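What follows is a predicted protein model with its sequence.
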Amino acid sequence: MSESGQISKIVESLLQSYDSVGAINHVGGANLPSQEHIVDILQALRKVLFPGFYDQSPVEATTLPYLTGERVVWIYRHLSEEINRCLCYECRENGHCERIPACQERSRQIALDLLRELPQIRALLQLDVEATLSGDPAARSSSEVILAYPGIAAITVYRLAHFLYQREVPLLPRIMTEHIHSLTGIDIHPGASIGHSFSIDHGTGIVIGETTTIGNRVKLYQGVTLGALSVARSMQGVKRHPTIEDDVIVYAGATILGGDTVIGHNSVIGGNVWLVESVPPHSTVYNPPAASRPVVTPRRRGERAQAKPEVTEAAG
């Protein structure tokens, strides 16, 4: 069979799949938001929040007013468009697309509201940067934290997405946070409530669920899960993730679950702890020592490491 014939067969089989496996189609529906476009908007917002940090050329004080004005106008136009796409999608999904003009006006208003909020978001981010810098002896400067630390990247996107989530914008907040999740390995749901001076050390594998409440000056290490005891659909809209009060440190690999679980202020949660119940303020929580200690045996200098035969057999 010729190449064109093979291509025709492939197209035909795909069209048949669209009929038989239709639950993952979106044909003839509302114009969905563009993930690529939203990422561009995020980049523009980060440049406004941290002027001079994400630009290829130096930003001069004399040109800053003009550059900022140009960026704000661009963000307003494009963010309004993406918010409108999200609202129209929800309207059509719920069967009342006659509200399209109202959605357009609401989209413009939400975009303006976010832009007005940027100075307050900047103030929060400065506290987050300061908390990260002061809590990490490996950090040399705030510039290093802003440019290189995945925790600050994830927190920045979360604070923007959270604002939109609070205004009931569908799809867009999750697209934002899942994009930065894919880059950093840090999964913060935009519905979570997080106070000021929040810091994330390393960050890979952190999960913060939708109804989590985190107080001020909280620090999380890599692999921490703030999750739910139940993931049933019936729990939607119910407080199902923990509350972490002010001045708490949660070390690597700890798992804290449940909407009734409260970690009292000024507590320290040790690494790999599993918690499904509350702890009072000023607590230190850690796992008891293991029943047996690791066996350490000397090895001759220059000897190559080899797996024990029984370990190899067990692994197979």
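On my side now, so go ahead.

Look up which residues are beta-bridged to residue 221.
On the basis of DSSP bridges, residue 221 is bridged to residue 201.

how many neighbours does it have?
21 (other CB atoms under 10 Å). For glycine as for every other residue, the C-beta is placed from the backbone atoms N, C-alpha and C.

what separates it from residue 187, distance-wise?
Note on residue 221: its distance to residue 187, by CB to CB, to the nearest Å, is 15 Å.

Show the average pLDDT along the helix or strand hosting residue 116.
Taking DSSP states H and E as the definition, residue 116 sits inside helix 100-134. Helix 100-134 shows a mean pLDDT of 94 in the predicted model.

Show me what the helix or strand following it is packed against.
As assigned by DSSP H and E, the chain's next helix or strand after helix 100-134 is helix 142-148. The contact analysis (3 or more CB pairs under 8 Å, 6 or more residues apart in numbering; DSSP states H and E) places helix 142-148 against helix 100-134.

Who are the contact partners of residue 183?
150, 153 (CB atoms under 8 Å, 6 or more residues apart in numbering).

Please, where are all the strands along the chain?
The residue ranges that make up the strands of the chain, judged by DSSP state E, are 187-188, 193-194, 199-201, 207-208, 213-214, 219-221, 225-227, 243-244, 249-250, 255-257, 262-263, 268-269, 274-275, 284-285.

Would you reformat those strands as a markdown table and include mean pLDDT and distance to residue 105?
Formatted as a markdown table, these follow (pLDDT from 0 to 100; distance: least, CB to CB, whole Å):
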| stretch | mean pLDDT | distance to residue 105 |
| --- | --- | --- |
| strand 187-188 | 98 | 30 |
| strand 193-194 | 98 | 28 |
| strand 199-201 | 97 | 37 |
| strand 207-208 | 98 | 33 |
| strand 213-214 | 98 | 33 |
| strand 219-221 | 98 | 39 |
| strand 225-227 | 98 | 37 |
| strand 243-244 | 98 | 37 |
| strand 249-250 | 98 | 43 |
| strand 255-257 | 97 | 42 |
| strand 262-263 | 98 | 41 |
| strand 268-269 | 97 | 46 |
| strand 274-275 | 96 | 46 |
| strand 284-285 | 96 | 50 |
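
out of the ones you listed, nearest to residue 137?
Residue 137 sits nearest to strand 199-201 of all the strands of the chain, at 10.7 Å, using CB to CB.

What pLDDT does the model give residue 306?
60.

hmm, back to that, what about the strands of the chain, which gets the closest to residue 110?
strand 193-194 (19.3 Å).

Can you list the neighbours in contact with that closest one?
So strand 193-194 is contacted by 155, 158-159, 162, 188, 208, 212-214, 218 (CB under 8 Å, 6+ apart).

ok, back up a step: can you list the strands of the chain in CSV and add distance to residue 301?
Formatted as CSV, the strands of the chain follow (distance: least, CB to CB, whole Å):
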stretch, distance to residue 301
strand 187-188, 45
strand 193-194, 51
strand 199-201, 36
strand 207-208, 43
strand 213-214, 49
strand 219-221, 35
strand 225-227, 42
strand 243-244, 48
strand 249-250, 40
strand 255-257, 41
strand 262-263, 47
strand 268-269, 40
strand 274-275, 41
strand 284-285, 41
